[in-house]
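Trainee: take a look and give me a structure for this.
(2 chains)
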Number of protein chains: 2
Amino acid sequence: MPNPTAAMLVIGDEILSGRTRDANMHYLAGELTQRGIDLMEVRIVTDQHDRIVAALNDLRAGHDHVFTSGGIGPTHDDITADAVAAAFGVALGIRDDARAILAEHYQRTGLELNAARLRMARIPEGACLIENPVSAAPGFSLGNVHVMAGVPAVFQAMVAALLPGLAGGAALYAQNLTIPRGEGEIATDLQALANDYPQLSIGCYPYQRDGAFGANVVIRGAEKADVDAALVRLSELFPEAMA
Amino acid sequence: MPNPTAAMLVIGDEILSGRTRDANMHYLAGELTQRGIDLMEVRIVTDQHDRIVAALNDLRAGHDHVFTSGGIGPTHDDITADAVAAAFGVALGIRDDARAILAEHYQRTGLELNAARLRMARIPEGACLIENPVSAAPGFSLGNVHVMAGVPAVFQAMVAALLPGLAGGAALYAQNLTIPRGEGEIATDLQALANDYPQLSIGCYPYQRDGAFGANVVIRGAEKADVDAALVRLSELFPEAMA
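Mentor: Predicted coordinates:
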């Protein structure tokens, strides 16, 4: 059975303007790979209702799971919950269980549960809450869409709460080999290797370090024996390579 | 006149698997913002022909410019040029001017221009070359699609060669204010400010540092006077804020 597939949607003006560098994508990619869920696509869109709705509908139709990050806080530019409700055509309102979580948290921390904070209890009809052990305000899953916060510490805590409940697949076995030669020197041998091992994914990622070019070769596959055999052959072809 | 819009397409299995962290997106976002070209969307897709073609056709129809990164090297998994040619429905072949650039480079560096390296002279019909002062193998522009390498040093050099030739827009004037309070404390005032300055973009980006929550507020606009006036009002409301 093929692995479940996933897409990520980052709602992030601040990333598109170059002000901040996304951290959540890299984190989620690593977590999904470990669980055998194949991340096929990431989109980053501006904080505009119609663009978020269109991306959500496109991605949820094409993948088993969609993970979103950003736009579920208390301020006027936090519009992800509205967009998710619109994409699914369901109502969005303050929900009692979410309100209770916030009320308990703000009472304990001595802060007021004001109108702005109450926005974070607005949950689309039919959604399940995702626990937020960092700052209480929950994320939510609606259908195959999982909506999480943009602050990295909160995003990571929500991913940790969510992932154990999702069915994973077979995590691919992978081996790396760093070959201190330009890609052009090794391309023909790599092509031959890829032809002989159609069941493996063989990626070649060039790098430049201190003016010298080299390549990281990543071999992935379901069967450890295949990956190891391909790695041995490559190591013999390029004795100067390092694992 | 509104600013030109742009999208970026990253071809990158290695980013989707969590193996590497993308650096080109953050770089391009900053460069485009400075030139008044509005980056509206980024997509990262796997190294699969059909997915690259579909994303290219979607993005080039919706934006003034599409910038791609990755997949134009000499190895079997470098398939971006093929995908661009397919998306535009034009032929792809080794072009004399691109071959001459490679031949000169490899002669000078004492390396062989072998069949794998010659793949990098395959340019879709009708494209213009983008200079690569780092490692010679050129990128190219076809219509509104600009195809560049994934290695960050090469990507950045190609962006530097390309951008001066593209029409820019008005770079927005921006001011930041860091407010050491939770978003929920400042949301109502921010909403009022956004209502009073509809011509400004006011973004609120929460952070968590040493267990305390705070917010970075970014105010952007075409007119410096508006941005500064909004900043002064916000500073007066939150005297503990820091520019």
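
Trainee: tell me how many other residues surround the nearest residue to A:Asp64 once chain neighbours are set aside.
Mentor: Counting by C-beta to C-beta, 6 or more residues apart in numbering or on different chains, A:Pro4 is the residue found nearest to A:Asp64 once chain neighbours are left out, at 4.1 Å. Heads up, the C-betas are built off the backbone N, CA and C, glycines and all. Residues lying near A:Pro4 (other C-beta atoms under 10 Å in any protein chain shown) number 18.

Trainee: skipping adjacent residues, who's closest to A:Met242 in space?
Mentor: A:Thr178 (4.9 Å).

Trainee: what kind of secondary structure is that neighbour in?
Mentor: Classification of A:Thr178 using DSSP: H, G, I helix; E, B strand; the rest coil returns strand.

Trainee: in a strand, A:Arg181, correct?
Mentor: No - going by three-state DSSP, the assignment for A:Arg181 is coil, not a strand.

Trainee: sec struct for the residue most central in space within chain A, please.
Mentor: Taking C-alpha atoms, centre = their mean, the centroid of chain A lies closest to A:Leu28, which sits 3.6 Å from it. With three-state DSSP as the basis, A:Leu28 sits in helix.

Trainee: is it correct that it is in contact with A:Ala160?
Mentor: No - A:Leu28 is not in contact with A:Ala160 according to C-beta atoms under 8 Å; the separation is 11.2 Å.

Trainee: contacts for the host helix or strand of A:Val53?
Mentor: Element membership for A:Val53, per DSSP states H and E: helix A:49-62. The contact list for helix A:49-62, computed with C-beta atoms under 8 Å, 6 or more residues apart in numbering or on different chains, reads A:5, A:7, A:9, A:11, A:41, A:43, A:45, A:66, A:68, A:71, A:79-80, A:82-84, A:86-87, A:143-145, B:40-41.

Trainee: picking up where we left off before, ok, now which ones touch the residue nearest to the centre of chain A?
Mentor: A:8, A:39, A:67, A:69, A:155, A:159, B:18.

Trainee: with A:Met148 instead?
Mentor: A:67-69, A:72, A:130, A:139, A:154-155, A:158-159, A:162.

Trainee: again with A:Ala98
Mentor: Counted by C-beta under 8 Å, 6+ apart, A:Ala98 has contacts A:120-123, A:129, A:138.

Trainee: neighbours of A:Cys128, how many?
Mentor: If you count neighbours by other C-beta under 10 Å, A:Cys128 ends up with 13.

Trainee: what's the answer for A:Leu193, then?
Mentor: By other C-beta under 10 Å, neighbour count at A:Leu193 equals 20.

Trainee: my read: it touches A:Ile202, true?
Mentor: Yes - with contact defined as C-beta under 8 Å, A:Leu193 and A:Ile202 form a contacting pair (6.1 Å).

Trainee: how's chain A carved up into domains?
Mentor: Domains of chain A are assigned by automatic domain parsing as A:5-165, A:173-237.

Trainee: what's the span of the last one, first residue to last?
Mentor: So the one you mean is domain A:173-237. 22 Å (C-alpha to C-alpha, to the nearest Å).

Trainee: which of the contacts of A:Met148 are close to chain B?
Mentor: Restricting the contacts of A:Met148 to those touching chain B (C-beta under 8 Å from any C-beta of the partner chain) yields A:Val154.

Trainee: for ChimeraX, write the select line for the buried members of the contacts of A:Met148.
Mentor: Only the buried entries of the contacts of A:Met148 go into this ChimeraX selection, using 16 or more other C-beta atoms under 10 Å in any protein chain shown:
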select /A:67,68,69,72,130,139,154,155,158,159,162
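
Trainee: could the contacts of A:Met148 go into JSON lines alongside pLDDT and secondary structure?
Mentor: JSON lines is the format used below for the contacts of A:Met148 (pLDDT from 0 to 100; DSSP: H, G, I helix; E, B strand; the rest coil):
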{"residue": "A:Phe67", "pLDDT": "98", "secondary structure": "strand"}
{"residue": "A:Thr68", "pLDDT": "98", "secondary structure": "strand"}
{"residue": "A:Ser69", "pLDDT": "98", "secondary structure": "strand"}
{"residue": "A:Ile72", "pLDDT": "95", "secondary structure": "coil"}
{"residue": "A:Ile130", "pLDDT": "98", "secondary structure": "strand"}
{"residue": "A:Gly139", "pLDDT": "98", "secondary structure": "strand"}
{"residue": "A:Val154", "pLDDT": "95", "secondary structure": "helix"}
{"residue": "A:Phe155", "pLDDT": "97", "secondary structure": "helix"}
{"residue": "A:Met158", "pLDDT": "98", "secondary structure": "helix"}
{"residue": "A:Val159", "pLDDT": "97", "secondary structure": "helix"}
{"residue": "A:Leu162", "pLDDT": "97", "secondary structure": "helix"}
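
Trainee: closest to chain B out of the contacts of A:Met148?
Mentor: A:Val154 (7.4 Å; C-beta to the nearest C-beta).

Trainee: who are the contact partners of the closest residue to that closest one other than its chain neighbours?
Mentor: Leaving aside its sequence neighbours, A:Val154 sits nearest to A:Val134 (C-beta to C-beta, 6+ apart; 4.8 Å). Shown in contact with A:Val134 (C-beta under 8 Å, 6+ apart): A:151, A:153-154, A:157, B:208.
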